[in-house]
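> Dropping the sequence and predicted coords here.
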Amino acid sequence: MADAFEGILGQPKVREFLRASVMHDRVSHAYLFVGPAGSNKTAAAYALAQAVMCPKGPTGPRGGQCGDCDACGRILRRKHPDVVHLRPEGASGYLVDQVRELVSASALAPIQAKRKVYIVEDADRLGTQAANAFLKTLEEPPADVVFILMARIRESVLPTIVSRCQVVPFRHIPAREAAGILAQNTGASLEKCRIAIESCGGSITRAVEFLKSNERLAFRSLVLEAMDRLRNADDWDILQTAGDLVVKSKAPLDAVRAEQEEELAKNADFLAKSAIRQIEARNKRALTAKSKESLRQLTAIAASWLRDVLAICAETPELVINADVRAALEEAAAHTDEARAAEALVAVRRCDEAISYNVSPETCVDALLFEVRDALFGPGRGARPGASGIR
């Protein structure tokens with residue numbers, strides 16, 4: 001018997017709280033999950049969705065779900081039409097029209113299940129107007145809807161939103177502990193788990209998938225090679241490399257798009273036009289989210305490489321994570337210093353912010369590589385005739 005709550009790795013208190021809520025029929029109409037990136041808020045949101053939507057209800061002494069019915073399978077694959085995952089679509093946060101669409105859709109009957117779950121990511125980016133459009137629904141929610149909002153800290157969410165939700169705090173999971181949890185749950189070596197955690201921005205859930213994917217492991221190698229060759233790269237090399245990395249980062253989207261089209265084709269004959277439109281909108285949001293996730297993996301890998309260079313510059317080589325490319329790290333460290341490595345890390349953070357604000361992938365990666373090169377090695381260091389560059 002499966003238990004989706006077991007997938008909330010590193011958060012035992014959250015796991016038991018949500019289990020108890022389901023088992024004793026005390027599920028709230030609205031939750032606010034707060035905690036840092038990588039604390040498994042998203043995994044917890046989908047586990048709760050599975051628990052409240054499984055047609056067999058909580059089974060077993062620990063409140064698990066059957067795990068093998070169609071509803072559970074769809075939720076696990078994130079394909080259920082009644083589980084809607086929302087992310088900000090505007091440059092500065094949620095659009096008012098986006099929230100109004102959520103409010104209108106939440107008033108409609110579920111497409112397949114008896115309930116609907118809305119997972120609202122980055123709730124701290126609900127501006128005043130968007131929040132006001134949402135408040136009445138939070139105050140008087142439809143009986144068949146559960147809202148799960150997520151944010152990094154409680155204080156960043158508007159008080160009017162917080163007061164209408166049950167707040168669930170998630171603890172920070174230190175990287176060393178996260179790697180240990182990952183090793184225990186996958187059987188991979190601790191060294192590989194540390195690399196996976198760093199490559200996934202600290203997220204244990206994404207790190208599990210990373211270790212299973214040869215495509216993601218190959219993508220990491222490409223990013224590390226690009227970082228290694230920055231020192232000798234001219235401007236044209238960087239533009240070419242940025243383009244290659246963007247193409248590779250988009251590769252998983254083809255598989256996701258194909259799955260979506262197949263899923264929709266299977267059910268098109270049985271669904272009303274309004275339901276098809278809802279699914280198409282959900283699929284579009286999922287593609288956008290997957291694109292951002294791939295870009296964030298690129299920045300996470302780049303940041304990990306730079307932290308290793310910084311560790312070597314600071315004469316703490318025992319802190320190096322990417323031990324499989326230690327020679328390249330030492331070569332880079334020999335041509336820079338701590339201050340410049342720290343400045344390059346700031347450039348990565350700027351790139352992450354740009355991704356959040358929906359700046360084009362090409363622009364983000366171009367800027368990232370130029371800024372990291374210039375910060376680490378000085379402007380124009382790679383712009384000399386005959387440079388081997390990044391290929």
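Done, it's in. Residues are numbered from 1 along each chain as shown.

> isn't there a strand covering residue 148?
Yes. Counting by DSSP: H, G, I helix; E, B strand; the rest coil, residue 148 is found in a strand.

> residues near it, how many?
Neighbour count for residue 148, taken as other Cβ atoms under 10 Å: 26. Where C-beta positions appear, they are placed from N, C-alpha and C, glycine not excepted.

> mind checking the SS state of residue 336?
Three-state assignment for residue 336 (three-state DSSP): coil.

> quick one: it and residue 298, what's the gap?
Residue 336 is 21 Å from residue 298, where distance means Cβ to Cβ, to the nearest Å.

> These two: who's more crowded?
Legend: neighbour count by other Cβ under 10 Å for residue 336 and residue 298, higher for residue 298 (26 against 22).

> so the more buried one sits right up against residue 365, yeah?
Yes. Between residue 298 and residue 365 there is a contact under Cβ atoms under 8 Å: 7.0 Å.

> Between the two, which contacts overlap?
Taking Cβ atoms under 8 Å, 6 or more residues apart in numbering as the contact rule, residue 298 and residue 365 both touch 245, 249.

> and after the lowest-mean-pLDDT helix or strand in the chain, which helix or strand comes next?
Ranking every helix and strand in the chain by mean pLDDT, DSSP states H and E puts helix 251-267 at the bottom, with a mean of 68. Next helix or strand after helix 251-267 toward the C-terminus (DSSP states H and E): helix 273-313.

> how about the CA coordinates for the next helix or strand after that next one, as PDB?
Per DSSP H and E, helix 273-313 leads on to helix 326-333 as the next helix or strand towards the C-terminus. Coordinates of each C-alpha in helix 326-333 appear next as PDB, following Å, rounded to 0.1, in the frame of the first residue of the first chain:
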ATOM      1  CA  ARG A 326      38.200  19.100  -9.400                       C
ATOM      2  CA  ALA A 327      41.100  19.700 -11.900                       C
ATOM      3  CA  ALA A 328      39.000  22.300 -13.800                       C
ATOM      4  CA  LEU A 329      37.900  23.900 -10.600                       C
ATOM      5  CA  GLU A 330      41.500  24.300  -9.500                       C
ATOM      6  CA  GLU A 331      42.500  25.800 -12.800                       C
ATOM      7  CA  ALA A 332      39.800  28.400 -12.600                       C
ATOM      8  CA  ALA A 333      40.700  29.200  -9.000                       C
END
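
> got the contact list for helix 326-333?
With Cβ under 8 Å, 6+ apart, helix 326-333 has contacts from 224, 227-228, 231, 305, 308-309, 312-313, 320, 322, 341, 376.

> could those residues go into CSV alongside neighbour count and pLDDT?
Formatted as CSV, the contacts of helix 326-333 follow (neighbours: other Cβ atoms under 10 Å; pLDDT from 0 to 100):
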residue, neighbour count, pLDDT
224, 21, 97
227, 28, 96
228, 17, 95
231, 19, 93
305, 28, 97
308, 27, 97
309, 28, 97
312, 22, 97
313, 20, 97
320, 19, 96
322, 22, 96
341, 24, 97
376, 23, 94
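
> burial of the closest residue to residue 144 other than its chain neighbours, as a residue count?
Once flanking residues are discounted, residue 144 sits nearest to residue 115: 4.8 Å by Cβ to Cβ, 6 or more residues apart in numbering. Other residues near residue 115 come to 16 when the count uses other Cβ under 10 Å.

> One more: the one 4 residues further on?
Other residues near residue 119 number 23, with proximity taken as other Cβ under 10 Å.

> Am I right that it falls within a strand?
Yes. The assignment for residue 119 by three-state DSSP puts it in a strand.

> surely it meets residue 150?
Yes. Here residue 119 reaches residue 150: they are 7.2 Å apart, a contact under Cβ under 8 Å.

> Which residues are in contact with each of those two?
42, 45.

> In what element of secondary structure is the closest residue to residue 7 other than its chain neighbours found?
Distances taken as Cβ to Cβ, 6+ apart put residue 43 closest to residue 7, at 5.2 Å, once the chain neighbours are dropped. If you go by DSSP H and E, residue 43 is part of helix 41-53.

> Just the residues contacting that helix, thanks.
For helix 41-53, the external contacting residues (Cβ under 8 Å, 6+ apart) are 4-5, 7-9, 11, 14-15, 18-19, 22, 27, 31, 33-35, 58, 63, 65, 71-72, 75-76, 78, 80, 82-83, 113-115, 117, 119, 121, 146, 148, 150, 168, 170, 205.

> Quick one: distance of the helix or strand just after that helix to the chain centre.
Per DSSP H and E, the first helix or strand lying C-terminal to helix 41-53 is helix 70-76. Its chain's C-alpha centre and that of helix 70-76 lie 20 Å apart, by Cα atoms, centre = their mean, to the nearest Å.

> before we move on, what about stretch 138-147?
Chain-centre distance of stretch 138-147: 26 Å, with Cα atoms, centre = their mean.

> Need the residues that contact that stretch.
27-31, 48-49, 52, 106-107, 109-110, 114-118, 120, 161, 164-165.

> Check stretch 342-349 too.
299, 302-303, 306-307, 310, 367-368, 371-372, 375-376.

> let's see it at 10 Å
With Cβ atoms under 10 Å, 6 or more residues apart in numbering as the test, stretch 342-349 has contacts from 227, 230, 298-307, 309-310, 313-314, 336-337, 367-377.

> in it, what's buried?
Buried residues in stretch 342-349, defined by neighbour count with 16 or more other Cβ atoms under 10 Å: 343-345, 347-348.

> ok, now stretch 182-201?
182-183, 186, 188, 192-201.

> For the residue nearest the centre of the chain, report the pLDDT, please.
Among the residues of the chain, the one closest to the centroid is residue 293, at 5.2 Å (Cα atoms, centre = their mean). We have a pLDDT of 80 for residue 293.
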